[in-house]
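> Next input, structure requested:
(3 chains)
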Amino acid sequence: MHWFQKTIKLPVYKRGFHLITNIVLRELPEIQQIRTGLLHVFIQHTSASLTINENADSTVRSDFEAHFNRAVPEDAPYQHDYEGPDDMPAHIKASMLGSSVSIPITDGRLNLGTWQGIYLCEHRDEATPRKLVITVYGV
Amino acid sequence: MHWFQKTIKLPVYKRGFHLITNIVLRELPEIQQIRTGLLHVFIQHTSASLTINENADSTVRSDFEAHFNRAVPEDAPYQHDYEGPDDMPAHIKASMLGSSVSIPITDGRLNLGTWQGIYLCEHRDEATPRKLVITVYGV
Amino acid sequence: MHWFQKTIKLPVYKRGFHLITNIVLRELPEIQQIRTGLLHVFIQHTSASLTINENADSTVRSDFEAHFNRAVPEDAPYQHDYEGPDDMPAHIKASMLGSSVSIPITDGRLNLGTWQGIYLCEHRDEATPRKLVITVYGV
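Numbers count the residues shown, from 1 in each chain, chains lettered A, B, ... in the order given. Sure thing, here's the model as predicted:
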């Protein structure tokens, strides 16, 4: 049984949805040592999130940004608005999408579907470098 | 420590929410060998998803379909619409609900609550057979 | 490799979002024995859920309650309404937020970000004590 764990700091991404599959793979080449296992990616923030979606057409990612802005409007009557109108919507979007993804590992590679990629979902206007804790485990 | 992993192809389900707990259990009888562990079910698609909800009254599942159609309307101004008006809403619903569920295993059985079941959430009109990667691990 | 698993019954929380990180930590002190691992918390219900969000300002939690009440209105045309107008919205909110959270363990402690905490999301008016299955595993 193998366990590998690493904290990485992502580059700053602007508000929106961004593919980060290659960054995760590059940071944990130990995935190749796992025949059967799982990858767990966790984001240590409450105004950014992780999800899995289409890795090809970039308009999927811009449509995501537009949809979540409509679904969680900045002009709703929030009490928590100390850091501006994007503050509370960022928290809500983060919980709608989630703070972790977990993906099977099979024969040394991530067993994603053909069209799947890992998205960093940056919900703040003033984005900062986000930290991920990546855990790989299996046999 | 045991690890079992299997890729299965589901039958085609029409657009909507469908209970698949029994299919998952039938495909991995090795769950019975685990005293303490976890089941991880992963869907290899970006326009279908997995969630856990009520396993009894079927109107919960039809109300889910109606709610998510209202929450993610097909007539919103999407850029990504190559495959029809249900294309982009399917991607958004998939990320709202998620691409995996994980459930504790206790004394050789899935430790779900009395009313919980696993749902396949099919978000496309022209549904295809969906593939799941099921991983069971524990002692 | 260590595996610890425990079912706990939470006190009754009123409808809304509530921080339960300390309860989870108190119930599984075995986390301190894990150098590298994961914590999995699973809720055995379909009208309450778990998420991770800000652990400081309580208005984040009341704004969550207000947002999800707007996003999943009680006066929509639900078929499943046997237990009152909060019944079906509770099921939908539970699947939007999810039935489990998983968090890395590093050097004997939960590796949450500074501002992260675990929320119990109680979606029913007539709340009952909720059961969690907590699983800790790692080396």
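> So for chain A, the centremost residue is which one?
The central residue of chain A, meaning the one whose C-alpha is nearest the mean C-alpha position (CA atoms, centre = their mean), is A:Leu50 at 2.3 Å.
> For chain C, see how far away whatever residue of chain A ends up closest to chain B is.
Nearest to chain B in chain A, going by CB to the nearest CB, is A:Gly113, at a distance of 3.1 Å. From N, CA and C alone the C-beta is placed, and that goes for glycine too. Spatial separation of A:Gly113 from chain C under the definition CB to the nearest CB, to the nearest Å is 21 Å.
> How about A:Asp87?
A:Asp87 sits 9 Å away from chain C, going by CB to the nearest CB.
> and chain A, which residues reach chain C?
Applying CB under 8 Å from any CB of the partner chain, we find that chain A lies next to chain C at A:1, A:3-5, A:7, A:40, A:42-46, A:71-72, A:76-80, A:82, A:88, A:91-92, A:94-96, A:98-100, A:102, A:131, A:133, A:135, A:137.
> Can you check the distance spanned by stretch A:118-138, start to finish?
Across its full length, stretch A:118-138 reaches 20 Å end to end, with CA to CA, to the nearest Å as the criterion.
> which secondary structure elements does the lengthiest helix in chain A contact?
Using DSSP state H to define each element, chain A has its longest helix at helix A:58-71. Contacts defined by 3 or more CB pairs under 8 Å, 6 or more residues apart in numbering or on different chains; DSSP states H and E place helix A:58-71 against strand A:16-19, strand A:48-54, helix A:87-97, strand A:116-122, helix B:87-97.
> could you redo these as TSV and give each row mean pLDDT?
Supplementary listing: the helices and strands packed on helix A:58-71 in TSV, determined by pLDDT from 0 to 100:
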stretch	mean pLDDT
strand A:16-19	98
strand A:48-54	98
helix A:87-97	98
strand A:116-122	98
helix B:87-97	98
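> Distance to A:Val60 added to those, as a markdown table?
As requested, the helices and strands packed on helix A:58-71 are arranged in a markdown table below (distance: least, CB to CB, whole Å):
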| stretch | distance to A:Val60 |
| --- | --- |
| strand A:16-19 | 8 |
| strand A:48-54 | 4 |
| helix A:87-97 | 14 |
| strand A:116-122 | 9 |
| helix B:87-97 | 6 |
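> Wait, A:Tyr119 touches A:Ala48, no?
No - taking CB atoms under 8 Å as the contact criterion, A:Tyr119 and A:Ala48 are not neighbours in contact, 10.5 Å apart.
> The closest residue to A:Asp75 other than its chain neighbours in helix, strand or coil?
Distance criterion CB to CB, 6 or more residues apart in numbering or on different chains; nearest residue to A:Asp75, sequence neighbours excluded, is A:Pro85 at 7.0 Å. A:Pro85 falls in the coil class when you classify it by DSSP: H, G, I helix; E, B strand; the rest coil.
> what about stretch A:80-96, distance to the chain center?
The chain centroid and the centroid of stretch A:80-96 are separated by 17 Å under CA atoms, centre = their mean, to the nearest Å.
> how about that stretch: buried residues?
Within stretch A:80-96, the residues that qualify as buried by neighbour count (16 or more other CB atoms under 10 Å in any protein chain shown) are A:His80, A:Asp86, A:Asp87, A:Met88, A:Pro89, A:Ala90, A:His91, A:Ile92, A:Lys93, A:Ala94, A:Ser95, A:Met96.
> The residues you listed: which ones sit near chain B?
Intersecting the buried residues of stretch A:80-96 with the surroundings of chain B, defined as CB under 8 Å from any CB, gives A:Met96.
> Now distance to B:Ser58 too, for the buried residues of stretch A:80-96, in JSON lines please.
Written out in JSON lines, the entries for the buried residues of stretch A:80-96 read as follows (distance: CB to CB, whole Å):
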{"residue": "A:His80", "distance to B:Ser58": "39"}
{"residue": "A:Asp86", "distance to B:Ser58": "40"}
{"residue": "A:Asp87", "distance to B:Ser58": "40"}
{"residue": "A:Met88", "distance to B:Ser58": "36"}
{"residue": "A:Pro89", "distance to B:Ser58": "34"}
{"residue": "A:Ala90", "distance to B:Ser58": "37"}
{"residue": "A:His91", "distance to B:Ser58": "34"}
{"residue": "A:Ile92", "distance to B:Ser58": "30"}
{"residue": "A:Lys93", "distance to B:Ser58": "31"}
{"residue": "A:Ala94", "distance to B:Ser58": "32"}
{"residue": "A:Ser95", "distance to B:Ser58": "28"}
{"residue": "A:Met96", "distance to B:Ser58": "26"}
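> which one among the buried residues of stretch A:80-96 gets closest to A:Gln33?
Using CB to CB, A:Ala94 comes nearest to A:Gln33 of the buried residues of stretch A:80-96, at 32.1 Å.
> And chain B, is stretch A:128-135 touching that?
No - between stretch A:128-135 and chain B, judged by CB under 8 Å from any CB, nothing touches; the nearest distance is 13.2 Å.
> mean confidence for that stretch?
The pLDDT scores in stretch A:128-135 average 97.
> Residues contacting it, please?
By CB atoms under 8 Å, 6 or more residues apart in numbering or on different chains, the residues outside stretch A:128-135 that reach it are A:3-13, A:24, A:27-28, A:39-45, A:48, A:50, A:120, A:122, C:36-38, C:104, C:106, C:111, C:113.
> Those, buried ones only, as a PyMOL selection?
Here is the PyMOL command that picks out the buried ones among those, judged by 16+ other CB under 10 Å:
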select buried, (chain A and resi 3+4+5+8+10+13+24+27+28+39+40+41+42+43+44+45+48+50+120+122) or (chain C and resi 36+37+38+104+106+111+113)
